[in-house]
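Visitor: let me see the structure of the following:
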Amino acid sequence: RSLGEAARDAAGPGARRSAAVHRLWTLPVFRRRERRLAHLFREGRGVSNGLSYTIFEYSVAKDWAPSSDVAGSLWEIVIAIRNAGLSPGVEVPQLYLKFPPEAAVPEEDEAPEPRLRGFQKTPRLNPGEVSYVTFSLGARDLSIWDSTSHKWRQVHGVFKTFVAASSRSFRLCGSVGDGAATLPCSGTEDERS
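Guide: Take a look at the predicted model:
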């Protein structure tokens, strides 16, 4: 027996299966599929833009409200994710936050706007099933790093919020701090600026 076979046998059946899957993905048919899908990544598709066999609908179950949680969260929103497709699937909704224009964000901070502030994976949803996801914002989420005082500084004002399927697929747009309703995004780049 070779050293590789002995190592796989020692690791158990999962390792043998993993090696078999790796060999399967090196077959020419999978390489062609990989090349056909590569254009999605070259075109700059967003973060977590997983290819799914189903469609998910996003809606607001409970809009932004002061949090009743004593663990440090200031605001929370509850989102309903419904599998509107024909196949079972899992979704990972993401929360993005854009700081108010009057916030003095340091120049050396190169994080893109809007900033990812949370994500959650739903359980596997059959067609028509709904899962509820709660996003919370705490003081640290609403803060920026002050490089002169070397500490976090909380920013006050109206923050734009976006619930998204990926960094390029914003589904719900709203704001924290002004009482405006969170609504479906129109899909234009202007909402994010």
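Visitor: for the residue nearest to residue 102 when sequence neighbours are not counted, helix, strand, or coil?
Guide: Nearest non-adjacent residue to residue 102, counting by CB to CB, 6 or more residues apart in numbering: residue 157, 5.9 Å away. Quick note: C-beta positions are derived from backbone N, CA and C, even for glycine. Assigned by DSSP: H, G, I helix; E, B strand; the rest coil, the conformation of residue 157 is coil.
Visitor: check contacts around residue 157.
Guide: By CB atoms under 8 Å, 6 or more residues apart in numbering, residue 157 lies in contact with 99, 100, 102, 103, 177.
Visitor: the residue lying closest to the last one once chain neighbours are set aside: neighbour count?
Guide: Put plainly, it is residue 177. In space, and not counting its chain neighbours, residue 177 is closest to residue 158: 4.3 Å by CB to CB, 6+ apart. Residues lying near residue 158 (other CB atoms under 10 Å) number 15.
Visitor: who's in contact with residue 158?
Guide: Residue 158 neighbours (CB under 8 Å, 6+ apart): 100, 175, 176, 177, 178.
Visitor: quick one: low-confidence parts of this protein?
Guide: 1-51, 70, 104-112, 187-193 (pLDDT under 70).
Visitor: now the buried members of the contacts of residue 157.
Guide: Neighbour-count burial (16 or more other CB atoms under 10 Å) applied to the contacts of residue 157 gives 99, 177.
Visitor: columns secondary structure and distance to residue 115 on top of the contacts of residue 157, output as CSV?
Guide: Listed next are those as CSV, based on DSSP: H, G, I helix; E, B strand; the rest coil; distance: CB to CB, whole Å:
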residue, secondary structure, distance to residue 115
99, coil, 8
100, coil, 13
102, coil, 17
103, coil, 12
177, coil, 16
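Visitor: right, I'll leave it there.
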